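Undergrad: Provided below for reference: sequence and predicted model.
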Amino acid sequence: MTFNIAKLPSQAGRTAVITGANTGLGYENARYFAGTGMKVIMACRSESRARDAMARLKADVEGADLEFFPLDLSDLGSVRQFAEAFKAEHTKLDLLVNNAGIMWTPYEQSVDGFEGQMAANYFGHFLLTSLLIDLLPDDPAARVVSLSSIAHTQGLKRINFEDIHWEKRYQKHLAYAQTKLACLMFAIELQRRLAQAGRKTLSVAAHPGVSQTELARTIEPWKLALMRYTIGPLISHAPPKAALPQVMAALDPGVHGAEYFGPKGIMELSGRPGRGKIMPWAKDPENNRKLWEVSEQLTGARWPFPA
């Protein structure tokens, strides 16, 4: 399965929401989508940084159709405000790219009482998707793309339901891995529920491999410098290439629901985009269903189709 964005037909008339579109992978997604003629909604926490990114995109992509809406995924109130504001101006959405995230941050609780990484990376996107899903057409070209990570293969092989907010013993690396496992489990369970409801909309997932973006800003400077100037160039790739698995998941006409895309190089660290490997524990129906139910309870999300 070879993906070439240059060979895709025009996407003019379609609309995509990208969370965290002002930097890193989100920015590259916005650039690729805008280049196809698609309208891109920049869903970002910082308006000033979003406006700066929009200026750069418009300078890079002729005729780029961009719009900013404020969104702080770590605050469920902000998520609801975003959905309300978006629906007030738009009646249709073709792509929802759940991209934004943080990594390896010191312990903190969100305003809703969630562990910070789980709030921003997963719970916010869970609620956001529930609020926007009815705007997506009943068409396999309409998709929800969730960003996971090769971190889902490491450490935890299940969600820590007994201490999902990491209040007992916080381990930032495992907490991050849990968020990315949750995102992948969510993508698979959402597809199951869409199919069960008879809907053709697709839920898919992707990961970038290893890439040096602002996500790494919490890594100690000496560690970051050591990686950047030693093994980093051998195992990572630049954000424009790292974003391609997401773009493939969003736009390739050959994609099926619950598929997972990533780089095809050694250990999926870098390389051309293609289908990635999903660990067995991310596909466990019972755990996926349990995560969904717990997420509904914690976020107050209500979905327009049955369990």
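TA: Nice, thanks for sending it over. Numbers count the residues shown, from 1 in each chain.
Undergrad: Surely Gly276 touches Tyr260?
TA: Yes. Using CB atoms under 8 Å, Gly276 makes contact with Tyr260 at a distance of 4.6 Å. Where C-beta positions appear, they are placed from N, C-alpha and C, glycine not excepted.
Undergrad: Give me the common contacts of those two.
TA: With contacts taken as CB atoms under 8 Å, 6 or more residues apart in numbering, Gly276 and Tyr260 have 206-207 as neighbours in common.
Undergrad: give me the low-pLDDT residue ranges for the stretch 101-250 of the chain?
TA: 155, 213-235 (pLDDT under 70).
Undergrad: What segments of the stretch 51-200 of the chain are strands?
TA: Using DSSP state E, counting those that start in this stretch, the strands of the stretch 51-200 of the chain run over residues 65-70, 95-98, 143-147.
Undergrad: mind putting the ones you listed in TSV, distance to Gly124 and mean neighbour count included?
TA: Output for these, formatted as TSV (distance: least, CB to CB, whole Å; neighbours: other CB atoms under 10 Å):
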stretch	distance to Gly124	mean neighbour count
strand 65-70	13	17
strand 95-98	9	28
strand 143-147	12	28
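Undergrad: Make CSV from the ones you listed and add distance to Gly209 to it.
TA: Below are the strands of the stretch 51-200 of the chain laid out as CSV (distance: least, CB to CB, whole Å):
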stretch, distance to Gly209
strand 65-70, 27
strand 95-98, 17
strand 143-147, 12
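Undergrad: Which of the ones you listed sits closest to Pro245?
TA: strand 143-147 (9.2 Å; CB to CB).
Undergrad: Could you list every helix and strand in contact with that closest one?
TA: strand 95-98, helix 172-196, strand 202-206, helix 244-251 (3 or more CB pairs under 8 Å, 6 or more residues apart in numbering; DSSP states H and E).
Undergrad: For it, which strands pair with it and how are they oriented?
TA: Using DSSP bridges, the strands paired with strand 143-147 are strand 95-98 (parallel), strand 202-206 (parallel).
Undergrad: In TSV: those, plus distance to Thr105.
TA: Shown next, in TSV, are the strands paired with strand 143-147 (distance: least, CB to CB, whole Å):
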stretch	distance to Thr105
strand 95-98	19
strand 202-206	22
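Undergrad: what residues are up against Asp139?
TA: Going by CB under 8 Å, 6+ apart, the list of residues near Asp139 reads 200-201.
Undergrad: picking that back up, point out the one among the strands paired with strand 143-147 that comes closest to Trp166.
TA: Among the strands paired with strand 143-147, the nearest to Trp166 by CB to CB is strand 95-98 (21.3 Å).
Undergrad: thinking again about what came up before, with distance to Ala59 as added columns, please give the helices and strands packed on strand 143-147 in JSON lines.
TA: Below are the helices and strands packed on strand 143-147 laid out as JSON lines (distance: least, CB to CB, whole Å):
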{"stretch": "strand 95-98", "distance to Ala59": "22"}
{"stretch": "helix 172-196", "distance to Ala59": "32"}
{"stretch": "strand 202-206", "distance to Ala59": "27"}
{"stretch": "helix 244-251", "distance to Ala59": "21"}
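Undergrad: looking at the ones you listed, which is closest to Met118?
TA: helix 172-196 (5.3 Å).
Undergrad: what packs against that closest one?
TA: When contacts are defined as 3+ CB pairs under 8 Å, 6+ apart, helix 172-196 packs onto helix 116-118, helix 124-132, strand 143-147, strand 202-206, helix 285-299.
Undergrad: switch the cut-off to 10 Å
TA: strand 95-98, helix 116-118, helix 124-132, strand 143-147, strand 202-206, strand 260-263, helix 285-299 (3 or more CB pairs under 10 Å, 6 or more residues apart in numbering; DSSP states H and E).
Undergrad: Please identify the one among the helices and strands packed on strand 143-147 that comes closest to Ser130.
TA: Among those, helix 172-196 sits nearest to Ser130 (CB to CB), with 9.5 Å.
Undergrad: The closest one versus strand 143-147: what angle between them?
TA: In terms of direction (axes from the mean of the first three to the mean of the last three CA atoms, to 10 degrees), helix 172-196 departs from strand 143-147 by 160 degrees.
Undergrad: For helix 172-196, buried residues please.
TA: Buried residues in helix 172-196, counted by 16 or more other CB atoms under 10 Å: 172, 175-194.
Undergrad: next one: stretch 28-48
TA: By neighbour count on 16+ other CB under 10 Å, the buried set for stretch 28-48 is 28-45.
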